[in-house]
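> just need the structure, nothing else, for what follows:
(chains A and B)
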Amino acid sequence: MDMPRSTAIQFDGVTKRFVTPDGNQYTAVGEITFEIPGGEFVSIVGPTGCGKSTVLNLAAGLIFPNHGQITIFEVPLVGINRHAAYQFQSDGILPWKTAEENVMLGLQIRRVPVAQARNQARTWLVKVGLSGFENRYPHQLSGGMRKRVALAQSLIVEPEILLMDEPFSALDEQTREFMEEDLLDICTEYHKTVLFVTHDLEEAIALSDRVLLLSAGPGARPIGDYRVDIPRPREVADIRLNPSFTAIYRDIWERLRGEVMKAYERK
Amino acid sequence: MRGSKYSSLIIKQIGIFILIIVLWEGLTRLGWIDSFFFSRPSLISVRFYKWFTSGTIYAHIYMTTIETLLAFIIGSFVGVIFGLLFARIPTLAHLFDPYIKIANALPRIALAPIFALWFGLGILSKVAFGVTLVFFIVFFNTYRGVREVDPNIFNNARMLGANERDLFRHVFLPSAMSWILASLHTSVGMALVGAVVGEYLGAARGLGYLIAQAEGVFDTTGVFTGLVVLSIFVLLIDLIVTLVERWLLKWRPEVSSS
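Residues are numbered from 1 along each chain as shown, chains lettered A, B, ... in the order given. Below you'll find the model as predicted:
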């Protein structure tokens, strides 16, 4: 509404090749083109090893395309994507820092005075439901709590874009549902653009405005772009009972299954 | 349960100690073992007591402590700096790789004569000797610690905007620290080895000097008493290291005690 609806992430014919250990070239993703408007929640699904994480790393600026161009808010991406925060599949939080120190890291890096950074970190820990755990080290927290620390750590620097690589895949079902609900609340409240990679189609549909289906690798590219027309705010727990959910699920799953089969045959 | 098991273990350990002492004392008294070469626990205790009551031992302990500390601090500091540099600048690592390997493979004792020549018979030659021993342990551990940083943690910090300096402070140094601390027992031990061996070879003070002096006049009681003092010294240092380690690695799930 009050946010500009400019394009947050744009991939234009992006190709990424890797050199395999035996010296061959492997094209992870080929000629990818897609566009994500600001404030949209987009999931990428696809068979295992199809290069979903590669797309995310490209958008993050952690790796660079061999061909094509990535544009972030209309500006070509060079180096690390300063508009984005990244939620890694395994924890990216620092084991030698307490929850609070982890959350305030981004502010410290931005040379915010320590007292102020600490205050803001406390506020964020409360927001993600971790008040009272400020001085715990990551190993003293449960998997779900560590995810919450990671989320607060990312959000405190107020990124416009959230890149998430199967962030909840290691969590148990209940914790996961809680995290998904919280993520949706936060994204709605702060109007984040999200690029969410998952192998779980249900999760993708429940959370997203759009689901991009990636083909089997090598040279994976989007072969489906599905809009999820389920009104927000959503209840992740109930959404699976929604008839339009089932319809979209069946739609995507039919194509996805074909790609999964292909991926298996190539192995 | 565990406590009683532990205390029974302690009792057995003390038992072994008493057994050795009794055998040693008895066999030397019976003349089965020559007390000229092996001295006798009672003689050693008397000498030990004398050294500490007359206060002559303190100057030697002080000297060895200073040498050990200096060797440890300087060796660690230089080792961390070079470890970080080599790990983050691969060209540097490739360029100096053969030289590092040669220097590390060289038996350090062979350097003692040249160090004595360069630094004299005072404290400096012992410290320099200890530094060459400590440096490589800390250097390799720092290098490894930096290279083995979890790529997710590294990338996470980069995404949060960390530049090379921030990465050093928040990621590489703490990561390397756990490796360095894991080798702390070894590196402190090496600093002490440097000090004592240096003193054997020529000094005017220190525990190594004390033992070498006693040996020079066939005073085996002096040699053994020197060894006892040295053992206690090592145990105390090891205890301090364990405490420091426990404090610095409090973020880790479990601190190994070995």
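> so what pLDDT did the residue in the stretch 151-267 of chain A that chain B sits nearest to get?
Closest approach between the stretch 151-267 of chain A and chain B, counting by C-beta to the nearest C-beta: residue A:157, at 6.3 Å. Quick note: C-beta positions are derived from backbone N, CA and C, even for glycine. Note for residue A:157: predicted pLDDT of 91.
> what is the burial count for it?
Counted with other C-beta atoms under 10 Å in any protein chain shown, residues neighbouring residue A:157 total 18.
> does it belong to a helix, a strand or coil?
Under DSSP: H, G, I helix; E, B strand; the rest coil, residue A:157 falls in the coil class.
> phi first, then psi, for it.
Main-chain dihedrals, residue A:157, degrees, to the nearest 10: phi -90, psi 10.
> so residue B:93 belongs to a strand, correct?
No. Read with three-state DSSP, residue B:93 is helix and lies in no strand.
> which residues does it contact?
B:86, B:87, B:143 (C-beta atoms under 8 Å, 6 or more residues apart in numbering or on different chains).
> leaving out chain neighbours, which residue sits closest to whatever residue of chain A ends up closest to chain B?
Nearest residue of chain A to chain B (C-beta to the nearest C-beta) works out as residue A:92 at 2.9 Å. Spatial nearest neighbour of residue A:92, excluding adjacent residues (C-beta to C-beta, 6 or more residues apart in numbering or on different chains): residue B:156 at 2.9 Å.
> again, but for residue A:176
Residue A:176 sits nearest to residue A:168 (C-beta to C-beta, 6+ apart), 4.6 Å away.
> how close does that neighbour sit to residue A:90?
From residue A:168 across to residue A:90, the span is 12 Å (C-beta to C-beta, to the nearest Å).
> still on that earlier bit, reformat the contacts of residue B:93 as CSV; add distance to residue A:7 and pLDDT.
Listed next are the contacts of residue B:93 as CSV, based on distance: C-beta to C-beta, whole Å; pLDDT from 0 to 100:
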residue, distance to residue A:7, pLDDT
B:86, 43, 91
B:87, 40, 90
B:143, 44, 90
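> which phi and psi values does residue A:13 adopt?
Dihedral angles (degrees, to the nearest 10) for residue A:13: phi 60, psi 40.
> what's near enough to touch the closest residue to it other than its chain neighbours?
Take residue A:13 and drop its neighbours on the chain: the residue closest to it by C-beta to C-beta, 6+ apart is residue A:68, 3.8 Å away. When contacts are counted by C-beta under 8 Å, 6+ apart, residue A:68 touches A:11, A:12, A:13, A:14, A:15, A:31, A:32, A:33.
> next one: residue A:68 relative to residue A:81, how far apart?
Distance from residue A:68 to residue A:81, by C-beta to C-beta: 16 Å.
> and the residue of the stretch 1-150 of chain B found nearest chain A, how many neighbours?
As assessed by C-beta to the nearest C-beta, chain A sits closest to residue B:150 within the stretch 1-150 of chain B, at 7.9 Å. The local packing of residue B:150 (other C-beta under 10 Å) involves 16 other residues.
> for it, give me its contacts.
residue A:90.
> what of the one 10 residues further on?
Each residue near residue B:160 by C-beta under 8 Å, 6+ apart is listed here: A:85, A:105, A:106, A:109, A:153, A:154, A:157.
> which SSE is the first one in?
Assessed by DSSP states H and E, residue A:85 sits inside strand A:84-87.
> pLDDT (mean, whole number) over that strand?
The predicted confidence, averaged over strand A:84-87, sits at 92.
> and what of stretch B:207-223?
91.
> kindly report the same for stretch B:17-37.
Rounded mean pLDDT across stretch B:17-37 is 91.
> so which residues make contact with that stretch?
Residues contacting stretch B:17-37 (C-beta under 8 Å, 6+ apart): B:38, B:39, B:40, B:41, B:42, B:43, B:218, B:220.
> related to what we said a few turns ago, which SSE is the nearest residue to the residue of the stretch 151-267 of chain A closest to chain B once chain neighbours are set aside in?
Leaving aside its chain neighbours, residue A:157 sits nearest to residue A:106 (3.8 Å; criterion: C-beta to C-beta, 6+ apart). Under the criterion of DSSP H and E, residue A:106 resides in helix A:99-109.
> before we move on, the earlier item: other SSEs contacting the helix or strand in which the residue nearest to residue A:92 is found?
According to DSSP H and E, residue B:156 maps onto helix B:151-159. On a contact count with 3 or more C-beta pairs under 8 Å, 6 or more residues apart in numbering or on different chains; DSSP states H and E, helix B:151-159 meets strand A:84-87, helix A:143-155, helix B:164-167.
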